[in-house]
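Visitor: With the input below, show me the fold.
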Amino acid sequence: MTQPVAKRKRVPVHGVLLLDKAAGITSNHALVAVKRLLNAEKAGHTGTLDPFATGLLPLCFGEATKFAQDLLEADKTYETTVHLGLTTTTGDTEGEVLDVKPVNVTPDQIQQVLYRFRGSILQMPPMYSALKRDGKPLYEYARAGIHLERETRSVTIHHLEMLDYTAPELKLRVTCSKGTYIRVLGEDIGQALDCGAHLTALRRTCVGKLTLDQAVTIDAYTALSEERRLQSLLSVDALLSSFPSVSLSEELAQRFLHGQRLSLGKEGVALPASTGRVRVYEEKNKRLLGTAQILEFGVLAPERLVVA
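Guide: Residues are numbered from 1 along each chain as shown. Model (predicted):
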């Protein structure tokens, strides 16, 4: 009789993997695949990419999951191809065709329209999205043929650049705030050009200060040895690179890890130029202790602590 294969015991793994997600898989599928390769106990991602989209998907393991929210809040950069003249139910290639119109627009007309979408704009969240209503994602209602009223939300388009235009394909680079739907942006640009549009490609190239340059595909990661997979992980503080840093003595570090507020001025610790969030290290061994808030009068208030 064949003996059942014993499951490998999950192990603590701490760090960040910059994954270059392929098209055709969900972000959760990618996360599960890498978690299995690392045999990691705890994992999470920092904002989903649509199945048809590709590009940068930072995956967090162990203590890094405590700081995933910081990347959810970060600005993101995308390169996208907008197919003018054709609209779909989902705003991308996965939906059914709704309408087809002729495309008679010039690059100058496109530039004039793009100007209107820079800065703070209002967007209507799409029905085909993971936003929830009464505990169910909107896409479940959409697939059932149910259309729900939604409220517009304010997002910020920091940068919107035309990379190429060969009708009907318009290629754009977009840097935007959290909560921006690039599918909706493409549809709205098409509507403003009076021809409609949908996305045929979407690639995320930047999340906060993390870029696609260091990312690895699942296939390439699978081919690595177990040791090289661990070596490919960035440190936990890779998620916090935009925050100023504060270094504490060993004694102050222990007090900080016990959740005590510290008066840095009285303790002779160098203060950042302004109040706000900081990353905190133990001075001697450069170990990350967590994040904190610098309050008035130089008070350091612990926020999220690293225990590993």
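
Visitor: secondary structure class for V307?
Guide: Assigned state for V307: coil (three-state reduction, DSSP: H, G, I helix; E, B strand; the rest coil).

Visitor: K284 contacts E250, correct?
Guide: Yes. Taking contacts as CB atoms under 8 Å, K284 lies within contact range of E250: 5.8 Å. Glycine gets a C-beta too; all of them are placed from N, C-alpha and C.

Visitor: longest strand in this protein, by residue count?
Guide: For the chain, the strand with the greatest residue count under DSSP state E is strand 153-166.

Visitor: who does it pair up with?
Guide: strand 119-123 (antiparallel), strand 169-176 (antiparallel) (DSSP bridges).

Visitor: So which of these is the most surrounded?
Guide: strand 169-176 (a mean of 19; mean count of other CB atoms under 10 Å).

Visitor: The next helix or strand after that one: which residues count as buried?
Guide: Heading C-terminal from strand 169-176, the first helix or strand you meet, by DSSP states H and E, is helix 182-192. For helix 182-192, burial by neighbour count (16 or more other CB atoms under 10 Å) applies to 182-190, 192.

Visitor: picking up where we left off before, turn the strands paired with strand 153-166 into CSV, columns for mean pLDDT and distance to V103.
Guide: CSV is the format used below for these (pLDDT from 0 to 100; distance: least, CB to CB, whole Å):
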stretch, mean pLDDT, distance to V103
strand 119-123, 96, 23
strand 169-176, 98, 9
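
Visitor: Need the mean per-residue confidence for stretch 124-138.
Guide: Computed over stretch 124-138, the mean pLDDT rounds to 73.

Visitor: is it true that G15 touches G62?
Guide: Yes. Here G15 reaches G62: they are 7.1 Å apart, a contact under CB under 8 Å.

Visitor: shared neighbours of those two, which are they?
Guide: V236 (CB atoms under 8 Å, 6 or more residues apart in numbering).

Visitor: ok, back up a step: of the buried residues of helix 182-192, closest to G259?
Guide: Lowest distance from G259 to the buried residues of helix 182-192 (CB to CB) belongs to I182, with 40.5 Å.

Visitor: wouldn't that closest one be in contact with L199 here?
Guide: Yes. Between I182 and L199 there is a contact at 6.7 Å, judged by CB under 8 Å.

Visitor: Which residues are in contact with each of the two?
Guide: Shared contacts of I182 and L199 (CB under 8 Å, 6+ apart): T80.

Visitor: list the contacts for V100?
Guide: Going by CB under 8 Å, 6+ apart, the list of residues near V100 reads 85-86.

Visitor: Mind pulling up the pLDDT for it?
Guide: 96.

Visitor: Please name the bridge partners of it.
Guide: Note on V100: beta-bridge partners by DSSP bridges are L86.

Visitor: measure it to G196 for me?
Guide: Look at V100 and G196: by CB to CB, to the nearest Å, they are 8 Å apart.

Visitor: so what sits against both of the two?
Guide: Joint contacts of V100 and G196 (CB under 8 Å, 6+ apart) are 85-86.

Visitor: pretty sure T81 contacts R173?
Guide: No. Using CB under 8 Å as the test, T81 is too far from R173 to be in contact (11.1 Å).

Visitor: so what's A192 closest to, chain neighbours aside?
Guide: Among residues not flanking A192 along the chain, V113 sits closest, at 4.6 Å (CB to CB, 6 or more residues apart in numbering).

Visitor: Averaged pLDDT, whichever strand or helix holds the one you found. What do you get?
Guide: Using DSSP H and E, V113 sits in helix 107-116. Mean pLDDT, computed over helix 107-116, is 97.
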